[in-house]
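J.: no sequence for this one, just the structure:
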Ligand SMILES: Nc1nc2c(ncn2[C@@H]2O[C@@H]3COP(=O)(O)O[C@H]4[C@@H](O)[C@H](n5cnc6c(=O)[nH]c(N)nc65)O[C@@H]4COP(=O)(O)O[C@H]3[C@H]2O)c(=O)[nH]1
């Protein structure tokens with residue numbers, strides 16, 4: 001999970017994922033486009049194959065129909081006037097065939113156009129015998145027509161029952177079709193399965209016979225094999241893709257553009273969604289829970305005695321990559337997303353459970369929780385803390401609520417809630433005094449139990465504005481009759497200086513103890529809880545003469 005989390009948390013990895021999506025989507029769209037183009041090219045090839053086939057099939061179909069008609073009821077005297085009239089009438093019917101002949105004993109003896117021939121014409125033995133075709137027709141391919149008075153012309157003859165019709169040469173008829181760059185073969189198929197070459201590249205039909213229609217990956221070519229409706233003629237067409245594609249170049253360019261646009265749009269969309277999904281805010285909201293919220297505890301010292309008398313509960317959150325996140329990062333999210341109550345419930349529940357398990361029995365402590373002003377109400381907080389108020393269960397913990405200075409609050413309603421909570425032993429401090437919304441008027445009006453002076457005062461460098469204001473701030477709070485907790489004490493000098501003020505009752509800061517997990521806290525308290533700590537550790541002098549030396553660190 002952590003490895004996966006790191007993948008999504010790094011902006012660079014997200015960019016890589018988005019790029020991968022861009023490539024995948026673009027390639028998919030372009031591949032789909034190429035597939036569509038190939039299908040289209042195949043349809044185109046089929047159409048061209050059908051046209052080639054049609055050149056042959058059309059006349060054979062017509063010839064067979066004509067032979068059917070001629071053989072129906074021929075007059076009894078072959079080549080007589082009635083017979084010739086009968087042939088001429090039939091010759092009007094078909095489209096493109098106008099030579100009808102009659103033969104006896106293998107010799108043509110009369111024609112519909114010329115009547116009885118002066119000299120019978122022989123075309124020799126048929127190339128296809130009647131028993132080789134499904135229609136009982138004989139065929140003579142490409143015979144010169146000079147004997148019929150048509151010098152220089154050739155045609156194929158189809159015959160049955162003595163009648164013959166002449167089919168003009170294929171090249172001279174049929175639809176105009178571009179055969180350039182087209183590797184094809186037209187064959188006539190016999191009942192035996194044999195094929196007679198009738199046009200195009202000899203042997204192509206035989207070579208591709210088993211592959212039928214489809215795509216040949218060997219030579220990256222499209223190929224189709226189709227037979228006409230009579231089953232007499234078949235055509236095989238083979239076209240390398242490289243030859244077919246130029247005709248589809250506009251489509252190809254369009255698909256590349258669409259692919260690029262889709263790829264970019266989807267990668268942007270996914271990246272935006274991923275960024276949002278894996279943003280800190282969303283991660284936090286998704287994973288906020290008892291398991292991911294951790295509590296750190298910072299000791300609070302009573303200045304007069306040097307005893308550790310309390311601790312402040314400070315929340316941390318564990319991110320999905322295991323990193324510890326501090327409140328300044330997640331508190332704004334909590335407030336923005338309206339999760340303050342849920343968060344406070346988790347922190348209080350967790351701290352209560354941890355402290356009950358780890359704190360030495362004899363240790364009397366005041367435990368301070370930070371509370372958002374909007375959640376400061378008896379109705380919400382008492383159920384969370386009430387049962388552990390002194391005099392009920394676990395009297396060793398006194399609870400203090402520190403109202404953090406994130407929002408302003410309504411003094412009148414806070415006053416009411418404060419009074420009710422105090423009745424149950426729950427005390428309230430104003431947190432971060434000096435930098436937030438509270439002012440001396442607020443302190444005067446509210447029945448608060450104490451004020452926490454913001455750490456920026458104690459941490460300020462000597463001679464700075466905040467450092468100069470510190471005694472006056474203490475004076476001010478003290479004059480309003482409140483106890484003061486000073487936080488942010490990092491050095492022995494500061495602690496000593498503040499101890500001299502009659503207004504400072506408690507101190508908190510790295511010098512006394514850093515916020516620590518409960519197991520460390522339990523060791524810390526085992527040593528210091530309730531014991532007077534008049535002997536503060538000797539100061540370690542650093543290069544600036546003011547080094548931070550937490551108590552716990554020194555004594556261990
Ligand atoms: N440099 C320095 N810093 C010191 C020293 N002593 C204490 N601090 C830091 O000062 C902050 C004291 O808490 P805060 O004023 O209540 O200020 C808290 C409090 O306002 C808020 N917060 C923390 N936990 C919670 C919580 O559970 N609920 C709410 N609502 N707010 C919380 O987040 C603020 C910041 O908390 P942290 O980051 O833990 O920061 C803590 C603590 O680590 C010191 O000597 N030097």
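T.: In hand now; what should we look at? On a predicted model such as this, the values are computed, not experimentally measured, just so you know.
J.: for this protein, give me the ranges with low pLDDT.
T.: 1-4, 7, 93-96, 170-181, 209-213, 387-395, 436-438, 530, 532-556 (pLDDT under 70).
J.: mind giving me the domain ranges of it?
T.: Annotated domains of the chain cover 38-245, 290-555 [automatic domain parsing].
J.: for these, which one sits closest to the ligand?
T.: domain 290-555 (3.3 Å; Cβ to the nearest ligand atom). For the C-beta atoms, the positions are set from N, CA and C on the backbone; glycine is no exception.
J.: which secondary structure element contains residue 507?
T.: Using DSSP states H and E, residue 507 sits within strand 504-508.
J.: one more: residue 297?
T.: Using DSSP H and E, residue 297 sits in strand 293-302.
J.: report the next helix or strand after the strand holding residue 507 in sequence order.
T.: The C-terminal neighbour of strand 504-508 among helices and strands, as given by DSSP H and E, is helix 518-528.
J.: which other residues reach that following helix?
T.: For helix 518-528, the surrounding residues in contact (Cβ atoms under 8 Å, 6 or more residues apart in numbering) are 295, 297, 299, 307-308, 311, 354-355, 357-360, 363, 365, 513, 516, 551-552, 555.
J.: 7 Å instead?
T.: By Cβ atoms under 7 Å, 6 or more residues apart in numbering, the residues outside helix 518-528 that reach it are 295, 297, 299, 308, 311, 354, 358-360, 363, 513, 516, 552, 555.
J.: for stretch 197-205, same thing?
T.: By Cβ under 7 Å, 6+ apart, stretch 197-205 touches 56, 170, 183-188, 195, 233-234, 236, 238.
J.: distance to residue 269 added to those residues, as JSON lines?
T.: Formatted as JSON lines, the contacts of stretch 197-205 follow (distance: Cβ to Cβ, whole Å):
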{"residue": "56", "distance to residue 269": "56"}
{"residue": "170", "distance to residue 269": "58"}
{"residue": "183", "distance to residue 269": "46"}
{"residue": "184", "distance to residue 269": "48"}
{"residue": "185", "distance to residue 269": "52"}
{"residue": "186", "distance to residue 269": "53"}
{"residue": "187", "distance to residue 269": "55"}
{"residue": "188", "distance to residue 269": "59"}
{"residue": "195", "distance to residue 269": "57"}
{"residue": "233", "distance to residue 269": "55"}
{"residue": "234", "distance to residue 269": "51"}
{"residue": "236", "distance to residue 269": "48"}
{"residue": "238", "distance to residue 269": "44"}
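J.: buried members of those into PyMOL, please.
T.: Selection of buried members from the contacts of stretch 197-205 for PyMOL, criterion 16 or more other Cβ atoms under 10 Å:
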select buried, resi 56+170+183+184+185+186+187+188+195+233+234+236+238
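J.: if we can go back for a sec, what about the strand holding residue 297, distance to the chain center?
T.: Put simply, strand 293-302 sits 44 Å off its chain's centre (Cα atoms, centre = their mean, to the nearest Å).
J.: do the same with stretch 350-365
T.: Put simply, stretch 350-365 sits 48 Å off its chain's centre (Cα atoms, centre = their mean).
J.: start to end distance for it?
T.: 17 Å (Cα to Cα, to the nearest Å).
J.: show me what counts as buried in stretch 272-281.
T.: Using 16+ other Cβ under 10 Å as the test for burial, stretch 272-281 gives 274, 278.
J.: neighbours around the nearest residue to residue 78 once chain neighbours are set aside, how many?
T.: Take residue 78 and drop its neighbours on the chain: the residue closest to it by Cβ to Cβ, 6 or more residues apart in numbering is residue 102, 6.0 Å away. Per other Cβ atoms under 10 Å, the neighbour tally for residue 102 reads 24.
J.: what do you get for residue 336?
T.: Residues near residue 336, counting by other Cβ under 10 Å, number 10.
J.: how about the lengthiest strand in the chain, does it reach the ligand?
T.: Selection of the longest strand in the chain by residue count, based on DSSP state E, yields strand 307-318. Yes - contact of strand 307-318 with the ligand (Cβ under 6 Å from any ligand atom) involves 314-315.
J.: contacts for that strand, please.
T.: Contacts of strand 307-318 (Cβ under 7 Å, 6+ apart): 284, 292-302, 324-327, 330, 347, 351, 365-369, 508, 515, 521, 525, 528-533.
J.: quick one on the thing from earlier: okay, and which of the contacts of stretch 197-205 map to strands?
T.: Using DSSP E, these in strands are 183-188, 195, 233-234, 236, 238.
J.: excluding chain neighbours, give the residue nearest to residue 467 in space.
T.: Spatial nearest neighbour of residue 467, excluding adjacent residues (Cβ to Cβ, 6+ apart): residue 460 at 4.1 Å.
J.: from residue 64, how far out is the one you found?
T.: As judged by Cβ to Cβ, to the nearest Å, residue 460 and residue 64 stand 112 Å apart.
J.: relative to residue 199, how far out is residue 97?
T.: For residue 97, the distance to residue 199 (Cβ to Cβ) stands at 19 Å.
J.: now residue 186
T.: As judged by Cβ to Cβ, residue 186 and residue 199 stand 4 Å apart.
J.: what residues does the stretch 451-556 of the chain have near the ligand?
T.: By Cβ under 6 Å from any ligand atom, the residues of the stretch 451-556 of the chain that approach the ligand are 455, 459, 487-490, 508-510, 515.
J.: and those, which two are the farthest apart?
T.: Spatial extent of those (Cβ to Cβ) is set by the pair 459 and 515 at 15.0 Å.
J.: so the residue nearest to residue 78 bridges to which residues?
T.: Here residue 102 sits in beta bridges with residue 110, residue 163, going by DSSP bridges.
J.: that one touches residue 113, doesn't it?
T.: No - with contact defined as Cβ atoms under 7 Å, residue 102 does not reach residue 113; the gap is 11.9 Å.
J.: which elements pack onto the lengthiest helix in the chain?
T.: Longest helix of the chain, by residue count under DSSP state H: helix 11-70. The contact analysis (3 or more Cβ pairs under 7 Å, 6 or more residues apart in numbering; DSSP states H and E) places helix 11-70 against helix 81-92, strand 154-160, strand 163-168, strand 183-189, strand 221-227, strand 233-240, helix 249-277.
J.: and the gap between the closest residue to residue 382 other than its chain neighbours and residue 342?
T.: Nearest residue to residue 382, sequence neighbours excluded (Cβ to Cβ, 6+ apart): residue 424, at 6.2 Å. Using Cβ to Cβ, residue 424 is found at 23 Å from residue 342.
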